[in-house]
Structures are given as C-alpha cells and as structure tokens.
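Participant: One predicted model, sequence on top.
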Protein chains: 2
Amino acid sequence: MAKDSGDGLPPGVETAWGLRERPGKGPRPGLSVSRIVGAATELAAAEGIAAVSMARVATALGVSTMSLYRYVASKEELLILMEDTASGPPPQGPAPEEEGWRAALAHWARSHREVLHRNLWMLRIPVSSPPTTPNSVAWMERGLACLRGTGLEEGEKVQVILLVSGFVRNEATLMADIEAAARASGRSTAETMASYTRLLDRLTDPERFPAVTALLASGAMDGTEGPDDDFAFGLERLLDGVEALVRTRSGTGR
Amino acid sequence: MAKDSGDGLPPGVETAWGLRERPGKGPRPGLSVSRIVGAATELAAAEGIAAVSMARVATALGVSTMSLYRYVASKEELLILMEDTASGPPPQGPAPEEEGWRAALAHWARSHREVLHRNLWMLRIPVSSPPTTPNSVAWMERGLACLRGTGLEEGEKVQVILLVSGFVRNEATLMADIEAAARASGRSTAETMASYTRLLDRLTDPERFPAVTALLASGAMDGTEGPDDDFAFGLERLLDGVEALVRTRSGTGR
DNA sequence: CGCTTCTGCGTATGACATACACGCTATTGC
DNA sequence: GCAATAGCGTGTATGTCATACGCAGAAGCG
C-alpha cells in the first residue's frame, strides 16, 4: 500500500527526485533512466526531436524497443525527463541584494535562453503538465529568489517569472524557427529572411496593408539586427514594465 | 512557365490569397479547400488537434483519404490554413489617434486572446514557418497600425508586436494546459491546481527551496486569481515597458 | 474525335506508440 | 537449500498515421 510514494507522480520522475528505492528483487537492471535519457538527448541534438522515437532510442542503446518501458512509463515521460536533465540546475548568478533584482533577473533570463539555445529540441516538446521535475522547480526557485526585496506579493512574483520565462521561450522559438527554415531550404538565415520579405512585398497591397508596406520599405526587416539584439530589446521592455510595478511598492528598488 | 505565381508558396495558401485561377480542364472538383478546412476545424474543436488526421477528415467529408491531397499539399499546409481561417480578419478596434496607442494595442491583444480562447487547438499547432497567410498578415498590419504616432522605429514596432503576441499566446497556452490537465483527470481546474500545489509542497524541502516554500505558504497559488486577472496583469506590465520606451521618443505619447 | 489535364480513389509502404504474454533471474522468507 | 515472487528483456501484434504511386474516368480543348 505505502509502496507508491503518494499522488500520481510518474515513476521516472520519482526516480529523478531520489524517491523510490530499488527493491532488489528481480534481475539486476541492464539499463537506467539516465542512460535512456542520454541516448534520447543525443538523438534529439543530432537529428531533432522528431527523430526521437522509442524504437530509435532503443536501437541506439542496443536493446529492444519494449525494454525502455521498464524504465519510463511513456514517451511523454521520457521527454519530460530529457527536458529536466538538459536544463540542469539553475546558475548561481548575482544576488538581488548585491546588484539589484533587475540584474539578477536579467541574468536568470539569459541563462534560461542559453539552455534553450544549446538544446533547440526542447522548444519542440509540447508542454503538457505543470513542472514537477527537480530542476524545473529549482529554476523556479531561483527566479523567485531574484525578486526578494522588491515588495511584490508572492502571487505577483510568480506572474513575473512566468512572464519572463514565457518571453525567453518565445524569443528562442522564433529564432529557432527561422534557422530551421533556413536549414531546410539550404540557404543562410539572412537569405531566408530576405526571400521572406520579398514574398511579403509581393503579396501586400500598399492600400490594404499600409503599415506592413511601410515596414518593408523602411528596410528594418533586412536583418541587420541579430537575434541577440532582439532578445535584449524585449527583455529591457519587460524589465521596464516590472520596474514600474516595483516602484509602486514598498521595496527599496535597489 | 508563368503558371506558378513565383516563389514557393504552397498551392492552398495561394488559393487563400485569391491568386491561382482554376484552369477549367479536368472534371469539376467535388471538394474545396474551405470545405476541407471546415471539417478539419470542426474535428479539432470537438476532439483536439490530435484527432485531426487526414484519414479522419476525409471520412468526415465522405471521401477517401487521398482525395484531400488534390487540394492540400500536406497536412502541415492544412494546419496553416486552419489557423488562418480560424483567426479571421483582425477586429477594427479603437484608432490610436483617438484613444492612444495603448488602448489600441490592448484591444488588439485581447482580441488575439479571444481567438485563441475560442480555438484552443490552435495553440497545439507547431509553428513552422513565418506567417504568410492573408489573415495573419492582416493581424500584423493592425498591430503595427496601433503603434502609429509613437515615434518608434519600424523595427521596434515589429518587436513590440512580436512581444505582445508572444505573450498572448503564452498566457493562453498556460491556461489551456491547466484546463486540459483538469479535464484529463476529471477534476475541476481549482482541484487540479490544489493537487499540484500539494504535490509541490511535498516535494520541496524548505531549505533547498525557500522561495517556493514561501510562495506555497502564502496561499497565492490557491487559485483565487482567475486567468483573466493573470492576463490583465501581464499585459499591463508589458505595456508599461513599451510606454517607457515610447516616452523616450519624439511621439506625442497620446 | 482525340488529346490533355485534372479528378477521385485503391493499394502499398514504412514509421510509430504501446498492449500483452512469455521465459528468465535474482532475491527473500521459510 | 528451496520455492515463491517480483522485476527484467523481448517477440509479436494491433492499430494508427502520412503519404507515394498509378489507374480509370471526366471535362474541356483543338
């Protein structure tokens, strides 16, 4: 009865939290969750998330497909575990007391972005359930910690964190999409953008789409701004918005 | 030679733009792109995007699976067209000259949200290419138009629009995920949230996760705030951030 | 009329997640 | 020592999916 450690947490996730002792009954396991996750991640990094099928992961490990199900309840669980290990623990970063919440949160956001950048396949995993894996909770923890001393209510802090992480994810996805489209067509990202603007230019009647036409004419879409600038721009806007809120509260603002 | 209207625009998308005349040669088509899209959308609304397979759409229309490929080059194209028709044309909304860019952009964002809310399946479609369908360009047009008179550069306007639409999409996805999880477990969203916080509470050691522990203790996760409040909160932050930028420019700020 | 072109469709291919049942293995209680 | 037991690896099977290919008939063109 008390074997299961509580609410319906998937077995692999329980392993990740260090719960679930191995009851050394049957034959010794020839595999491990982490080996499976490792192989799957390698596959995803090399050929994209679409290449991650139970069959291919199994052959990469030299076992049969069905063996994996002894360690992982479903493919979805495998993906969640991949995400958790790829995220890794959050970085230390500057403490909000020393350099202010803004620097701390900006560092957190940039670290988050780097993780996604290094593991672009993460962006293609459909989100299905709220985060319950150790590292994702740890990231949440660090994000919240950035907002110590701002005077924000706890609920507001979560919202801010969700706002920032959503932005990071979004920005990274946009960039990854462009790069993926470029790679698919065998051209550079700049060429891809250029052909896209040319297409838009051909499609948009200046009368029906004056603002788009003006945008295209301005040359702003010619890709002189790199993705790093885009990210920095969005993050500054976001943090400005948060700062406006923080200033209305009793925090020091430091 | 000059039959194809230019760069590699998918045939169904060309139809959506009104290009591509029917060369009345063969037998009259018994189907149409819009009928296919309609059936697929009904299916998605009723059973989620996962239920949309070429086979099921075809049977819903009383034709064979392969017939669909006479109208649509691939399933991906079908999804794009579904998205376009479900979005519909953007709303008129207040002109920035009358009520200010902020009210205009807020209205744009809310309308965007309503579309997603009415068609939750849209959130599950993997984004693959930059928007080239008529309605998506029209939405972009209206978004840009909201920023008339702000003094922002064209490039900045796109970034702001991308920022806001990313936020809307993100917020809607978060909410849809919770609702989906609730429906899957047969409980209400409030119960689902409660069981989630209980789970987190059990997992998080107060020493390792002080901020999360404080959050849980504060009762802020007890779901008294509805999703509408969350959305309004995030949007205000975002617009505050944009406003900070606008104020540094020569625009009237009106 | 004959030619071209487009239609709908049947069949086939190869990939996929996963249920199920079997035989085997290490440990535990006796 | 020994049997019961639980965990392990795997083979086979099922049902679903997107889509390539080729055929037969229809509609318009000359």
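Facilitator: Yep, that arrived.
Participant: Ramachandran coordinates for A:I125?
Facilitator: Here is the backbone geometry of A:I125 (degrees, to the nearest 10): phi -80, psi 120.
Participant: which residue packs closest to it, ignoring adjacent ones?
Facilitator: A:L79 (5.1 Å; Cβ to Cβ, 6 or more residues apart in numbering or on different chains). No exception for glycine: its C-beta is placed from N, CA and C like everyone else's.
Participant: Could you list the low-pLDDT ranges of the stretch 101-250 of chain A?
Facilitator: Where the stretch 101-250 of chain A drops to pLDDT under 70, the residues are A:224, A:250.
Participant: what about the closest residue to DNA strand C within it, which SS state?
Facilitator: Using Cβ to the nearest atom of the strand, the single residue of the stretch 101-250 of chain A nearest to DNA strand C is A:S128, 11.6 Å away. Following DSSP: H, G, I helix; E, B strand; the rest coil, A:S128 is assigned to coil.
Participant: now the nearest residue to it once chain neighbours are set aside: how far from A:V127?
Facilitator: Among residues not flanking A:S128 along the chain, A:E76 sits closest, at 6.3 Å (Cβ to Cβ, 6+ apart). A:E76 is 11 Å from A:V127, where distance means Cβ to Cβ, to the nearest Å.
Participant: and if you look at A:E153?
Facilitator: 26 Å.
Participant: cool, and A:A55?
Facilitator: When A:A55 is compared with A:V127 (using Cβ to Cβ), they lie 24 Å apart.
Participant: repeat for A:G12
Facilitator: 18 Å.
Participant: neighbour count winner among the two?
Facilitator: Using other Cβ atoms under 10 Å in any protein chain shown, the more surrounded residue of A:G12 and A:V127 is A:G12, with 22 against 15.
Participant: which bits of the stretch 51-200 of chain A sit near DNA strand D?
Facilitator: A:V63, A:S64, A:T65, A:M66, A:S67, A:Y69, A:R70, A:Y71 (Cβ under 7 Å from any atom of the strand).
Participant: If any of those residues are buried, give me the PyMOL selection for them.
Facilitator: A single PyMOL command selects the buried members of these (16 or more other Cβ atoms under 10 Å in any protein chain shown):
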select buried, chain A and resi 63+67+71
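Participant: What about DNA strand C: which of the residues of the stretch 51-200 of chain A next to DNA strand D touch it?
Facilitator: Answer for these near DNA strand C (Cβ under 7 Å from any atom of the strand): A:T65, A:M66, A:Y69.
Participant: quick one, what contacts the residue of the stretch 101-250 of chain A closest to DNA strand C?
Facilitator: A:E76, A:I80, B:D177, B:A180, B:A181 (Cβ atoms under 8 Å, 6 or more residues apart in numbering or on different chains).
Participant: what's the closest non-adjacent residue to the fourth one?
Facilitator: Distance criterion Cβ to Cβ, 6+ apart; nearest residue to B:A180, sequence neighbours excluded, is A:S128 at 7.6 Å.
Participant: can you give me the helices in the stretch 1-150 of chain A?
Facilitator: With DSSP state H, counting those that start in this stretch, the ranges of helices along the stretch 1-150 of chain A come out as A:11-16, A:33-47, A:54-61, A:75-87, A:96-118, A:134-146.
Participant: ignore the last one, the stretch 151-254 of chain A
Facilitator: A:154-185, A:189-203, A:210-218, A:227-247.
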